[in-house]
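Enquirer: Fold the following, please.
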Amino acid sequence: MPAKGTVSVQSAPAPGFRIELPQGFGFGATPVLAPLSLEVAAGRITALLGASGSGKSTLLRLAAGLISGGTVQASDGQALRGRVAWMAQQDLLVPWRDALGNVMLGMHLRGERPDAARARTLLAEVGLAEADAAKSPAQLSGGMRQRVALARTLMEDRPVVLMDEPFSAVDAPTRHRLQELAARLLAGRTVLLVTHDPLEALRLADRIFVLTGSPAAPVALGVPAGAPPRPARDPALLAAQAELLERLAAA
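Expert: Here you go, the predicted structure:
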């Protein structure tokens with residue numbers, strides 16, 4: 001079996017990308033996002049925070065091309081479409097397939113030949129035992145289901161990963177462990193992470209933006225020194241968490 005982490009590494013450099021909304025964005029007559037230009041750095045994790053309803057998930061969906069508006073430009077000049085993997089807040093496992101089948105779901109839907117060996121390796125990478133591969137989603141705990149969802153995201157082997165509060169549905173200790181996994185397994189990819197959790201953003205992100213105002217626009221904030229995942233007990237990180245909480249409360 002490959003060494004831990006090797007199966008998920010991209011062979012080609014991951015591009016950065018820019019989201020541009022010259023006219024802003026809204027739903028009907030309701031403006032949500034102000035005119036903006038957001039740069040997502042290549043090969044790094046960028047976290048996006050903001051109050052509920054500020055437009056975080058909307059901006060993520062615009063980046064993914066799930067809704068139309070503005071432009072998304074990759075730094076290498078190629079189209080971003082086809083190079084993006086999505087991990088949602090809910091695990092979205094289908095109940096009629098076991099864990100292994102859920103990891104290979106994208107390949108199945110595209111009519112591609114399943115790669116069970118890679119899927120099993122990824123399940124091992126995210127800390128699931130070989131016996132767990134044959135279990136249905138109903139037989140898995142919430143944390144195990146999120147691990148399967150992370151493995152499925154990695155199975156897509158895309159250089160750009162968009163994550164919409166992917167670990168918010170699990171308990172705090174499991175969330176902490178999943179953050180460690182994500183930081184290791186997503187290293188080298190371009191990640192845009194939407195989260196409500198300041199500590200999660202400060203542990204994982206190389207860059208942080210907070211959506212503020214109405215309509216909202218991103219404001220860049222600094223991150224503590226050190227490479228992700230930063231230790232949760234780091235005094236500098238805890239001080240930054242308090243400052244970020246105050247910033248969010250005032251937004």
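
Enquirer: what's the closest non-adjacent residue to residue 42?
Expert: Spatial nearest neighbour of residue 42, chain neighbours left out: residue 16 (3.5 Å); criterion: CB to CB, 6 or more residues apart in numbering. In this view, the C-beta of every residue, glycine as well, is placed from N, C-alpha and C.

Enquirer: is it true that the one you found touches residue 192?
Expert: No. Counting by CB atoms under 8 Å, residue 16 does not reach residue 192; the two are 10.2 Å apart.

Enquirer: shared neighbours of those two, anything?
Expert: Common neighbours of residue 16 and residue 192, using CB atoms under 8 Å, 6 or more residues apart in numbering, are residue 40.

Enquirer: more neighbours, the two?
Expert: residue 192 (28 against 18; other CB atoms under 10 Å).

Enquirer: ok, and what's touching stretch 15-24?
Expert: Contacts of stretch 15-24 (CB under 8 Å, 6+ apart): 31-44, 59, 62-63, 69-76, 78, 80, 83, 159-160, 190, 215.

Enquirer: same question, stretch 52-63
Expert: 17, 19, 21, 25, 32-33, 38, 40, 48-50, 67, 69-70, 72, 80, 84, 162, 164, 192, 194, 196, 211-212, 215-216, 251.

Enquirer: Could you rerun that using 7 Å?
Expert: The set of residues external to stretch 52-63 that reach it, using CB atoms under 7 Å, 6 or more residues apart in numbering, is 19, 25, 32-33, 48, 50, 67, 69-70, 72, 162, 164, 192, 194, 211, 216.

Enquirer: same check, this time on stretch 91-105
Expert: 114, 116, 119-120, 122-123, 128, 132-138, 140, 145-146, 148-149, 151-152, 155.

Enquirer: For residue 78, see how far away residue 68 is.
Expert: 20 Å (CB to CB, to the nearest Å).

Enquirer: and those two? which has more neighbours close in?
Expert: More crowded of residue 68 and residue 78, by other CB under 10 Å: residue 78, with 11 against 8.

Enquirer: Check whether that one sits in a helix, strand or coil.
Expert: coil (DSSP: H, G, I helix; E, B strand; the rest coil).

Enquirer: Just give the number of residues close to the closest residue to residue 44 other than its chain neighbours.
Expert: Nearest residue to residue 44, sequence neighbours excluded (CB to CB, 6+ apart): residue 206, at 4.0 Å. For residue 206, the neighbour count with other CB under 10 Å is 14.
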